[in-house]
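Q: no FASTA, just this:
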């Protein structure tokens, strides 16, 4: 079993509006999979279904070895999730945030302390463990948020626009963290608005109007569309979009 | 002028397009009137009464008959013995026990004091007091008959419930509800609508534009002023035609005093909007700082006269108190405007002062 | 046209701006580029007279932002970060409302917004809240332009807007510039820098540099190389351990490397080629240089 995610003909309708229209793809273990699309293309809806937060109208899928429609609770326990909007509690300290997430995912008492210490040392945050999260710079917060998302060693991490508005250097350090996690076997599923970030991914899918219009490695996509950057590829595809969000 | 008109037009659009706001503005007064008028009532009916009569004479019988005939009382037991008093009260047979002294009639005829003891279940003190009051007034009513029919009897003071002879609570609540509703609409809704513009960033643009701040303030105030006036009229109509509360005084003066009170509330709303940065904060501030005191300290629920001195003193800083008193006087007591000069002066002063402060505090910048 | 001189601004104990100064010439597109939290919005609010600086001075068209704020407010068009539109009003109502706010009518300055607003006219009766990001952006721009301002200030107008709309937006600005409007624009996207005549890179409340994008790129001191192998993450670790590597970071498909030596070492299974730095590379360089000082 080499697929972390495998979905077939997934569709989600809200009334007579088809947000996600019959999409199928699979993501291999340890792969960095970029999930792109313009605003309103259906990315968020698709991601919610994958995380077990929303039930598909039709279609099936397996995430982290569990069935999307029947085992969504098990899926939740085996994935990590991080978004730009909700990541950490601003009024708790770094240490308290880690403990909280660890407890949620059932990491055992003694292990929480050792793993937290290890992770904070690695990130060079150990000295700031008692700082309130709201007093940290944005870039640090994003790095910490990522660390909490992988703290319980999930099989897959879903990242929803994790680097919006972060400065270029921190953005790069963030991607180094992602690389590192992928290297250790975690599957990364990421959405982004930065087209250069799409090029970090092993494979990329581009969604337009609820359907996946293209899916391949960045190099192949660029070649296929005759573009010199992912930005060019995206523009060609997004221009076809009919609907607005 | 054209700017102002288009501003006001825009505010009305905001109000009319939000169904929840409309429901709050127009449904709330109706709902509150009906709730307070019918359901939440301090009026007491069906008082279960037991009598312990050791005298068995003409006078006690007349009192017992009066109790039995009265629609508010259910006479449950007439021959209970004194030692059974506790039993009747504790098992809920009676809410109140009337105990006559021995030789009741004789004592009175001799000009001595004759005693009636009223023993009540006071686990709910407020209703117990009301029940006792009802019973006392009934007994005094019977006594007053003797005073006129038998010249030899002693003079007994004649106590009547003035202005609200049936003690109908709706009478008290109508002015109270008016005070609350106007506070809610003018203060809370105005502050919310200004703070919402801060949240969405449109206030930034308005500040950056050459528009005079007074226009922004006026455009927020005018629609809620109009709606508040509609609500006052609606409440008055409901009160008179549905709850059958008499409208004894002048409607014109009720409207005048309402205008002044609305101005006070609008100014408070503006003031809140200068402090609050989110809609949630605006709701909290107006709820805690305005609505709670208006409910508890205005005399709407608890009479101001019964408050400790400190609270009584505090209550005079609450606009709703003056407004509710004024409306009570006008509407239920049917008093002339000359009895209201104090309320008028206090409310006008509050309106002037608060409007001045809130316009001064309205920032031309974001800080 | 816009002059900022040594502006400081603190919010309680947080220093938002630590002595910011630059000049925007009349008729140019000036980009203020930096990540979230760099101080862009604070600076915009000072220039649009919404807040006052703790120290330092700013003028627009010679008018002081503190004393002449009423004059300034008539001359600037401002588009705040959140597209300040009334979501419950229709497209047309929004535009008309802002026209009256600025004491003008839609008809009077229709020529200026025709090209932008024209695309929205089919949706004139749609509520602004139901528009897509790109359409909201166009409407907000129309509203900011309706009084024909001399200076247009756009705070992060492209955040949350897809790349296609972003591209269209840039061409609209080009055309406005040709009409003689000075444009100050802020963005966290470094790739938008090339569309500006001059840019200021801002980080942590300080300006890193001010110049034209070309000159900023030309002043990049090192020779920059792109490196790639079948596993870029391992390559990154390998390169960072080498003493002759000065700086190395990920950037899309390739890694970016600068060396301490003139000669480029030959590495097994690694493709290394020289590349032209981008504004983003310059930002990283200037930012780390500042941090090391």
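A: Sure, I can see it. Computed from a predicted model, the values in this text were never measured in an experiment.

Q: now do the same end-to-end measure for stretch C:47-61.
A: With Cα to Cα, to the nearest Å as the measure, the ends of stretch C:47-61 fall 11 Å from one another.

Q: list the contacts of it.
A: The contact list for stretch C:47-61 (Cβ atoms under 8 Å, 6 or more residues apart in numbering or on different chains) reads B:204, B:207-208, B:365-367, C:1-10, C:17, C:19-21, C:42, C:45-46, C:64-66, C:69, C:72-73, C:75-76, C:78, C:150-151, C:153, C:184. Glycine gets a C-beta too; all of them are placed from N, C-alpha and C.

Q: how about that stretch: buried residues?
A: By neighbour count with 16 or more other Cβ atoms under 10 Å in any protein chain shown, stretch C:47-61 contains the buried residues C:47, C:48, C:49, C:50, C:51, C:53, C:56, C:58, C:59, C:60, C:61.

Q: mind checking pLDDT for the first one?
A: We have a pLDDT of 92 for residue C:47.

Q: which of the contacts of stretch C:47-61 are buried?
A: Among these, those buried by neighbour count (16+ other Cβ under 10 Å) are B:204, B:207-208, C:1-4, C:7, C:9, C:17, C:20, C:42, C:45-46, C:65, C:69, C:72-73, C:75-76, C:78, C:150-151, C:153, C:184.

Q: what helix or strand is the nearest residue to residue B:46 once chain neighbours are set aside located in?
A: Nearest non-adjacent residue to residue B:46, counting by Cβ to Cβ, 6 or more residues apart in numbering or on different chains: residue B:74, 5.8 Å away. Using DSSP states H and E, residue B:74 sits in strand B:73-77.

Q: hang on, the earlier thing: closest one of the buried residues of stretch C:47-61 to residue A:109?
A: residue C:51 (48.6 Å; Cβ to Cβ).

Q: which residue is the nearest non-sequential neighbour of the closest one?
A: Excluding the flanking residues, the one nearest residue C:51 by Cβ to Cβ, 6+ apart is residue C:45, at 4.6 Å.

Q: JSON lines for the buried residues of stretch C:47-61, including secondary structure?
A: Formatted as JSON lines, the buried residues of stretch C:47-61 follow (DSSP: H, G, I helix; E, B strand; the rest coil):
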{"residue": "C:47", "secondary structure": "helix"}
{"residue": "C:48", "secondary structure": "coil"}
{"residue": "C:49", "secondary structure": "coil"}
{"residue": "C:50", "secondary structure": "coil"}
{"residue": "C:51", "secondary structure": "coil"}
{"residue": "C:53", "secondary structure": "coil"}
{"residue": "C:56", "secondary structure": "strand"}
{"residue": "C:58", "secondary structure": "strand"}
{"residue": "C:59", "secondary structure": "strand"}
{"residue": "C:60", "secondary structure": "strand"}
{"residue": "C:61", "secondary structure": "coil"}
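
Q: return the residues of the stretch 101-250 of chain B in contact with chain C.
A: The stretch 101-250 of chain B comes close to chain C at residues B:200, B:201, B:202, B:203, B:204, B:205, B:206, B:207, B:208, B:209, B:210, B:211, as judged by Cβ under 8 Å from any Cβ of the partner chain.

Q: count of neighbours near the fourth one?
A: Residue B:203 is flanked by 21 other residues according to other Cβ atoms under 10 Å in any protein chain shown.

Q: separation between the residue nearest to residue B:46 and chain C?
A: Between residue B:74 and chain C the distance, using Cβ to the nearest Cβ, to the nearest Å, works out to 57 Å.

Q: identify the farthest-apart pair in the residues of the stretch 101-250 of chain B next to chain C.
A: Farthest-apart pair in these is B:200 and B:210; separation 20.7 Å (Cβ to Cβ).

Q: now do the helices in chain A.
A: A:43-50, A:72-77, A:94-104, A:109-122, A:138-150, A:168-183, A:195-198, A:218-225, A:230-238 (DSSP state H).

Q: as JSON lines, those with distance to chain B and mean neighbour count would be great.
A: Putting those into JSON lines (distance: least, Cβ to the nearest Cβ, whole Å; neighbours: other Cβ atoms under 10 Å in any protein chain shown) gives the following:
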{"stretch": "helix A:43-50", "distance to chain B": "22", "mean neighbour count": "22"}
{"stretch": "helix A:72-77", "distance to chain B": "30", "mean neighbour count": "16"}
{"stretch": "helix A:94-104", "distance to chain B": "24", "mean neighbour count": "19"}
{"stretch": "helix A:109-122", "distance to chain B": "33", "mean neighbour count": "14"}
{"stretch": "helix A:138-150", "distance to chain B": "20", "mean neighbour count": "22"}
{"stretch": "helix A:168-183", "distance to chain B": "26", "mean neighbour count": "21"}
{"stretch": "helix A:195-198", "distance to chain B": "28", "mean neighbour count": "24"}
{"stretch": "helix A:218-225", "distance to chain B": "36", "mean neighbour count": "16"}
{"stretch": "helix A:230-238", "distance to chain B": "27", "mean neighbour count": "21"}
